[in-house]
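[1] Okay, sequence plus prediction incoming.
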Amino acid sequence: MTKTKFSRMTIGEINKYLAEAAPSAEELELLSSDGRAGARSLAQRMLNKLEKERQERKRLLNMLKLERAAREKGFTYIAGVDEAGRGPLAGPVVAGAVILPDNFFLAGLNDSKKLTPQKREELYEAITSEAVAWSVGIGEVWEIDDINILQASKLAMYRALLTLSVKPDYALLDALELEELPFAQQGVVGGDGLSLSIAAASVVAKVTRDRLMCEQEKMYPGYGFSLHKGYPTAEHRSAIAKLGPCPIHRKSFLLLPENS
C-alpha cells in the first residue's frame with residue numbers, strides 16, 4: 001500500500017483496514033507520519049497492540065521452559081497438574097491434569113488465581129478443546145476428613161493423572177510430588193506461575209470445582225456455595241452458625257471460631 005492510497009482513505013476506512021488486515025511495518029510507518037492526527041492515533045494504537053502481543057508471547061514462551069527441558073531429556077507427553085480447593089470449609093478438592101501440544105500458546109493463560117471467573121471460563125473452553133489430553137480427579141469430603149487435606153489433594157492429583165486419555169511419561173506438579181507414580185515427575189514450587197501446563201491444569205481444576213459448588217448450592221441452599229465456593233468467608237461462617245453444617249462440610253476443619 002502506498003502513502004497516496006492511505007491519503008485517499010477516511011479515518012474510518014483506515015480503522016476498518018487495520019481491524020481486518022495485519023499491517024506491515026512499512027504501512028504503520030506511513031500512517032505514523034500521516035498529516036492527520038486521527039491516522040497517527042490509529043497507527044500508535046496498533047503499535048501498542050502489537051507490542052502487547054509481543055510481550056504476551058514472550059511471557060508464554062518463558063512459561064514453557066520446564067516443558068522444553070523435559071522434552072530435551074526425551075519425554076514426549078508432559079502433564080501439568082494442579083489442584084483447587086485445599087482451603088475451603090466445604091466441598092471436595094479437585095485436581096486437573098493437562099497435556100498441552102508442543103509450543104502451545106493461549107493468550108492470557110496464567111495461574112487461575114490471577115484470573116477473573118469469566119476469563120477462567122474462556123480459557124477452560126480453549127484448553128479442553130485444544131489439549132492433547134485433559135482430566136480431573138476428585139478428593140471427596142469424606143476422604144479429606146479421613147486422611148487429611150494434603151493426602152486427599154495428592155489422591156485427587158493421582159486420579160487426574162491416571163485417567164488421562166493419553167498416558168503421560170512426565171508430570172509437572174504444583175509444589176507436590178506423588179508417591180509411587182509410574183512415570184517421572186517434578187514438583188515445582190509456585191508452578192502455576194512458572195509452567196504453562198500447570199497453569200492450564202489450575203484453570204481446569206478451578207473451573208470444575210466452581211461449577212461443582214454451584215451445583216451444591218441447589219442441593220444445600222442457604223450457605224451461599226455459589227458465591228464463596230465453600231471458602232471461609234464471614235458470610236459462610238455465619239450461615240454455618242445459623243444452619244449448622246451440611247453433608248459437604250469438612251468435619252475435620254474448624255467450621256466456626258472456637259469462641260463462637
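    Nice, I can see it.
[2] And for Arg250, the neighbour number?
    By other C-beta atoms under 10 Å, the residues close to Arg250 number 21. All C-beta spots, glycine's among them, are computed from the backbone N, C-alpha and C.
[3] quick one: contacts for it?
    Pro88, Leu89, Ala90, Val141, Ile144, Asp145, Ile149 (C-beta atoms under 8 Å, 6 or more residues apart in numbering).
[4] So which of these are in helices?
    Within those, residues falling in helices by DSSP state H are Val141, Ile144, Asp145, Ile149.
[5] ok, back up a step: which one of the contacts of Arg250 is nearest Ile14?
    Nearest to Ile14 out of those is Pro88 (C-beta to C-beta; 51.7 Å).
[6] Report the separation between that closest one and Glu217.
    Distance of Pro88 to Glu217, computed by C-beta to C-beta, to the nearest Å: 14 Å.
[7] higher neighbour count, the two?
    Between Pro88 and Glu217, Pro88 has the larger neighbour count (other C-beta under 10 Å), namely 25 against 15.
[8] Contact partners for the more buried one?
    Lys229, Gly230, Tyr231, Pro232, Arg250.
[9] and with 10 Å instead?
    144, 149, 209, 213, 225, 228-233, 236, 248-250, 253 (C-beta atoms under 10 Å, 6 or more residues apart in numbering).
[10] list the contacts for the residue nearest to the spatial centre of the chain?
    When C-alpha atoms, centre = their mean is applied to the chain, the residue found nearest the centroid is Val203 (2.8 Å). Listed by C-beta under 10 Å, 6+ apart, the contact set of Val203 reads 82, 84, 96, 98, 106, 109-112, 115, 119-124, 126-128, 192.
[11] Any of those residues buried? List them.
    82, 84, 96, 98, 106, 109-112, 115, 120, 122-124, 127-128, 192 (16 or more other C-beta atoms under 10 Å).
[12] can you count the residues close to Cys246?
    Using other C-beta under 10 Å, Cys246 has 16 other residues around it.
[13] For Asp192, see how far away Leu181 is.
    19 Å.
[14] what about His92, how many residues close to it?
    For residue 92 the amino acid is Pro, not His. 26.
[15] right, and it touches Asp210 too?
    No. Counting by C-beta atoms under 10 Å, Pro92 stays clear of Asp210, with 11.9 Å between them.
[16] hey, what's in contact with both of these two?
    Going by C-beta under 10 Å, 6+ apart, residues that sit against Pro92 and also against Asp210 are Ala84, Gly85, Gly230.
[17] Which members of these are positioned in strands?
    Ala84 (DSSP state E).
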